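Asker: Below: sequence and its predicted model.
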Amino acid sequence: QIGPTFVGIQNYIDFFTGAKGMPVWTLIGNTVIMLLMGFIPQIVVSLLFAYWFTNKRLDLKCTSVFKSIIYMPNLIMASAFSLLIFSLFSNTETAPINSMLISLGITPTKIDFFAYTGSARGIVAFMNFIMWFGNTTILLMAAMLGVDESLVEAADIDGCSPAQIFWKITMPIIRPILVYVFITSLVGGLQMFDVPQVITRGVGGPNNTTKTLIMYLNDNLFNKNYGAAGAISVILFVVCAAFSL
């Protein structure tokens, strides 16, 4: 026989039941956990920075320099940035993080950060946070600069506190941009691949707790299981399209 063998929807059944690999809910759980670990601090820090940079009362100096610095990680290739973080947290006593911890007396010996679920997921989430919070800050700044200054002045004259102005005026007005940031982060998080792939050397360790949907797809491609990989691609397309719509 020449060409692929038609199996109907068997690849989809195998994917959802975990008949020929990892259970789908484990992969989705890993992806969502790391997504939330990176996204929640990302949105909080971005809102804070955007408010600081656009608040005329604070009159911060050198804001252009700070904007450039926080956006810079977004310009670096994720794979290159991942290699840098991997070298910082590597399992050697001469690695910068381990060396610092030992010299400060915090730990007597080296720590294998990638051997523990919490630290491995935390490093992946930290990477995604560092890479994308600058871009999110720029988007939220653009939204806040679109807030009518007369509304803020009127609220100030009426005796509103800065917190009340932020939550009652600024947040409702920038809500469309917040929704956009949330959806794009969610879709991007579902496609998380390069950072955990490089950080964990493609293994998704420890015990597959950092293996994402796209890493599992890549495993199927590497093993020439193109039918299963195609099924995962279609499922991801449908999910991302639904969220986008």
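Answerer: Sure, I can see it.
Asker: Quick one: end-to-end length of stretch 198-210, please.
Answerer: 11 Å (Cα to Cα, to the nearest Å).
Asker: List the buried residues in that stretch.
Answerer: By 16 or more other Cβ atoms under 10 Å, the buried positions in stretch 198-210 come out as V198, I199, T200, G204, G205, P206, N208, T209, T210. From N, CA and C alone the C-beta is placed, and that goes for glycine too.
Asker: Show me where the protein has its helices.
Answerer: 10-17, 24-54, 63-71, 78-88, 96-103, 117-145, 149-157, 162-165, 171-173, 175-190, 194-199, 213-222, 226-244 (DSSP state H).
Asker: Please name the spatially closest residue to the residue nearest to the spatial centre of the chain (chain neighbours excluded).
Answerer: By Cα atoms, centre = their mean, the chain has its centre lying nearest to N128, at 3.9 Å. With sequence-adjacent residues excluded and distances taken as Cβ to Cβ, 6 or more residues apart in numbering, N128 is closest to G38, at 3.6 Å.
Asker: Could you check how far T170 is from L48?
Answerer: The spacing between T170 and L48, counted by Cβ to Cβ, to the nearest Å, is 12 Å.
Asker: Among those two, which residue is more densely surrounded?
Answerer: Applying other Cβ atoms under 10 Å to T170 and L48 shows that T170 carries more neighbours, namely 23 against 12.
Asker: Contact partners for the more buried one?
Answerer: Y51, M144, V147, V152 (Cβ atoms under 8 Å, 6 or more residues apart in numbering).
Asker: gap between P206 and S233?
Answerer: For P206 relative to S233 (Cβ to Cβ), the value is 27 Å.
Asker: Please read the previous query as pertaining to T54.
Answerer: Taking Cβ to Cβ, one finds T54 at 40 Å from S233.
Asker: And these two? Which one has more around it.
Answerer: T54 (19 against 15).
Asker: so that one makes contact with L145?
Answerer: Yes: counting by Cβ atoms under 8 Å, L145 is a contact partner of T54 at 5.6 Å.
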